[in-house]
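Participant: Return a 3D structure for these sequence lines:
(one chain, ligands or ions: 1)
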Amino acid sequence: MSNQFQEQGIVTVPYIAGDGIGPEIWQAARPVIDAALTKAYGHTKAIEWLEILAGEAAYTQTGTWLPEETISAIKTHNLALKGPLTTPIGEGFRSLNVTLRQTLDLYACVRPVRYFSGVPSPLKEPEKTDMVIFRENTEDVYAGIEFAVDDPQTKSLVALLTDQFNVHTIRFPEDTAIGIKPMSISGSQRLVKAAIDYALAHGRQTVTLVHKGNIMKFTEGGFKNWGYQLAETDYPDQCFTMAQFRRLIQSNGEIAAQEALTQAKADGKLIINDVIADNFLQQILLYPEKYDVIATCNLNGDYISDALAAQVGGIGIAPGANINYQTGAAIFEATHGTAPDIAGSGKANPCSLLLSACMLLEYLGWQEAADMITSAIESAIADQQVTADFAGLLPGATCLSTQEFGQRLIDTLSR
Ligand code: ATP
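Facilitator: Sure, this is the predicted structure:
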C-alpha cells in the first residue's frame, strides 16, 4: 500500500486529537513526527495535518459525536491518526471506535508488541516478547447479536431452537439470555491473508492461528480450518501448515512428517500453526519467544492484545492500527482509553500515539522517519527520562511531563 504514497512528497493525514488525555498527547506527539520527517527527508517529504472532529470536541462544536465530514475526510484520504475517544452513553453508539472501524470496514486490528529496554515489566525476560497481532475486527462478538433475558423475542428464539432445531441444551430456558456470533469464511480468510502477507513481507517465521475451536467447532474451529485452507491454497510455495504436518503423520508416519517440517523450515517457508486460546495465554507468559505473527478472532484478540501489552510495559506504550488491506483505508490509533483520571495533569505517556504514528509512517513507506522516532523513544527510556506511568516504577528515573518527554525526543532527533 505504501507505493502509492512513496511518490508523493506531501501527504494529507486527517487527525482526531481525541478526548481526555488525547489533546495533550497529540500536542506532544505532532512536533516529534514533524521533526523526524524534516530530519529524515529535509523538506522533500512532509505531512499536512488536517484536523477532523469526533467525540466530545465534535459534540461541543457540531452537536454530533461523529460528524459525516469526519468519515468522508478519512474516506477521501484513506488514512487517519487518532487519539482516544470517549464512548457516549445512551446515544445509540456502541462505541465511536467500533463505529469508525465498521463504517470503513477496517477488518484487521494490527498490534505490534515488542519490548523497549528499560521499561518496567512484570516478566523476567520481557525482551523475548516480539509479536504482531492481527485481530479480526468485523465479526465474532463485534457483530454479536444479543437477546435480553426479558425480551419476548428471546422466548420465541428459545422456542424456535427447541422445536425446530432440536436444541435441548439450554439449561434454564425460562430465564436465559441468548448471544449469537457470526464468523465467516470470507471474514476469517481476509484476516489470515493479511497476517500471512505481513509475515512474508517482514521475514517472520510463523503465523499462529489462535482460536477456541475445541469448544466452538463451527465458528472458531472454522476460523482455524479456513486459515489453514487459505495458506495451503493461496501460498503453496511459501507456507507449510501444521494441518499438512498432521495429515503427513496419518499418511506417512511421524518421521516423514518431521522431515517435511524440517525441510520446510530449511527452505525458509512460513510455518502456519494453531493454538487454543486459553493455552496461548499461558504460552505467551512461559515461552513468548515461540510466537511471532498472531492471527485471531475478535474476542480472543481483545484479551491477547491487552495481556501482551501488559507483558511489555502496559497500555501507555502499545500502538495499533485498523486496516482494510483491500481498500487501503487505515486508522492508526493510541490503544489506551481517554484516561480521565490523569487528563490535563501532564502525566500521560504519548508513546502509544507516537508508535502508532510510526506505523503510519511505515505504511506510507517512510521507514527512515519511523525508525528515528523509535530510536529516540528507546534512547529516552534507556536514559530513564520517562513520563509518570514509568517513573513511578523505576527508582531514580527522571519524571518528565508529557510535553517535556516530547521535547526530549525532539532534542534527540536534532542531535
Ligand atoms: P476509557 O473509559 O476511555 O476507556 P479508562 O481510564 O477506563 O478510559 P484507560 O484510559 O485505558 O481506561 O486507562 C486505564 C488506566 O491506565 C488509567 O489509570 C489511566 O490513567 C492509565 N493510562 C491510560 N493511558 C495512559 C497513558 N497514555 N499514559 C499514562 N497512563 C495511562
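Participant: Which residues of the stretch 1-150 of the chain lie near the ligand?
Facilitator: For the stretch 1-150 of the chain, the residues in contact with the ligand (Cβ under 6 Å from any ligand atom) are Ile21, Pro84, Thr86. In short, each C-beta sits where N, CA and C put it, glycine included.
Participant: Most neighbours out of those residues, which is it?
Facilitator: Ile21 (29 neighbours; other Cβ atoms under 10 Å).
Participant: Give me the pLDDT for whichever residue of the stretch 301-415 of the chain sits closest to the ligand.
Facilitator: Closest to the ligand within the stretch 301-415 of the chain is Gly337: 2.3 Å, counting by Cβ to the nearest ligand atom. pLDDT, Gly337: 92.
Participant: just His43 next, same as before
Facilitator: So, for His43, pLDDT stands at 85.
Participant: Quick check: longest helix in this protein by residues?
Facilitator: helix 22-41 (DSSP state H).
Participant: and the next helix or strand after that one, C-alpha only, in CSV?
Facilitator: The helix or strand immediately downstream of helix 22-41 is strand 46-51, counting by DSSP states H and E. The C-alpha coordinates for strand 46-51 follow below in CSV (Å, rounded to 0.1, in the frame of the first residue of the first chain):
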residue,chain,number,x,y,z
ALA,A,46,6.0,16.1,4.9
ILE,A,47,2.6,15.5,6.4
GLU,A,48,-0.1,18.1,6.1
TRP,A,49,-2.2,17.6,9.2
LEU,A,50,-5.9,18.0,8.7
GLU,A,51,-7.9,18.3,11.9
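Participant: thinking again about what came up before, return the residues in contact with the residue of the stretch 301-415 of the chain closest to the ligand.
Facilitator: For Gly337, the contacting residues are Gly20, Pro84, by Cβ atoms under 8 Å, 6 or more residues apart in numbering.
Participant: Pretty sure Asp105 sits against Thr327.
Facilitator: Yes. Between Asp105 and Thr327 there is a contact under Cβ atoms under 8 Å: 7.3 Å.
Participant: For the stretch 51-200 of the chain, which segments count as helices?
Facilitator: Under the criterion DSSP state H, counting those that start in this stretch, the stretch 51-200 of the chain contains helices at 56-62, 68-77, 96-103, 152-164, 185-201.
Participant: Comparing these, which comes out most buried?
Facilitator: helix 185-201 (a mean of 20; mean count of other Cβ atoms under 10 Å).
Participant: who's in contact with that one?
Facilitator: By Cβ under 8 Å, 6+ apart, the list of residues contacting helix 185-201 reads 107-108, 110, 132, 134, 136-139, 204-207, 209, 222-223, 226-227, 229-231, 234-235, 238-239, 270, 272, 292-295, 297, 323, 325-326.
Participant: In strands, which of those fall?
Facilitator: 108, 110, 132, 134, 136, 206-207, 209, 239, 270, 272, 293-295, 323 (DSSP state E).
Participant: Now do the residue of the chain most remote from its centre, the pLDDT please.
Facilitator: Going by Cα atoms, centre = their mean, the residue of the chain most distant from its centre is Asp163, 41.8 Å out. For Asp163, the pLDDT comes out at 94.
Participant: change the start of the numbering to 36 and stick with it
Facilitator: Sure thing, new numbering starts at 36, so read that last one as Asp198.
Participant: Tell me the predicted confidence for Arg225.
Facilitator: We have a pLDDT of 98 for Arg225.
Participant: Equivalent analysis for Arg65, please.
Facilitator: Taking Arg65 on its own, its pLDDT is 98.
Participant: That one contacts Trp84, doesn't it?
Facilitator: Yes. Using Cβ under 8 Å, Arg65 is in contact with Trp84, at 6.7 Å.
Participant: Looking at these two, which one has more neighbours?
Facilitator: Arg65 (20 against 14).
Participant: For that one, give me its contacts.
Facilitator: Arg65 sits next to Tyr50, Trp84 when contact means Cβ under 8 Å, 6+ apart.
Participant: let's see 7 Å
Facilitator: Trp84 (Cβ atoms under 7 Å, 6 or more residues apart in numbering).
Participant: Also the one 3 residues further on?
Facilitator: Ile68 makes contacts with Ile82, Ala392, Ile408, as judged by Cβ under 7 Å, 6+ apart.
Participant: Also Ala71?
Facilitator: By Cβ under 7 Å, 6+ apart, the residues touching Ala71 are Ala404, Met407, Ile408, Leu448.
Participant: before we move on, which element is the first one in?
Facilitator: Using DSSP H and E, Ala404 sits within helix 402-417.
Participant: ok now that helix, how far from the chain's centre?
Facilitator: Taking Cα atoms, centre = their mean, to the nearest Å, one finds helix 402-417 lying 20 Å from the centre of the chain it belongs to.
Participant: Give me the contacts around it.
Facilitator: 67-68, 71-72, 74-75, 151-154, 386, 389, 393, 396-397, 421, 440, 443-444, 447-448.
Participant: Return the members of those residues classed as buried.
Facilitator: Among the contacts of helix 402-417, those that count as buried by neighbour count (16 or more other Cβ atoms under 10 Å) are 67-68, 71-72, 74-75, 151, 153-154, 386, 389, 393, 396-397, 421, 440, 443-444, 447-448.
Participant: and Ala299, how far is that from the ligand?
Facilitator: Counting by Cβ to the nearest ligand atom, to the nearest Å, the gap from Ala299 to the ligand is 41 Å.
Participant: element containing that residue, please.
Facilitator: Per DSSP H and E: helix 289-301 holds Ala299.
Participant: Now do that helix: which elements does it pack against?
Facilitator: helix 277-287 (3 or more Cβ pairs under 7 Å, 6 or more residues apart in numbering; DSSP states H and E).
Participant: by how many degrees do the helix it packs on and helix 289-301 diverge?
Facilitator: Taking axes from the mean of the first three to the mean of the last three Cα atoms, to 10 degrees, one finds helix 277-287 and helix 289-301 inclined to each other by 150 degrees.
Participant: Now do stretch 349-360, average pLDDT.
Facilitator: 92.
Participant: what's that stretch in contact with?
Facilitator: 136, 139-148, 151, 154, 172, 229, 344, 365-368, 370-371, 384, 386-387, 390-391, 393-394, 424.
Participant: and that stretch, how far from the chain's centre?
Facilitator: 4 Å.
Participant: before we move on, what about stretch 72-81?
Facilitator: 28 Å.
Participant: swap in stretch 400-417?
Facilitator: The answer for stretch 400-417 is 20 Å, by Cα atoms, centre = their mean.
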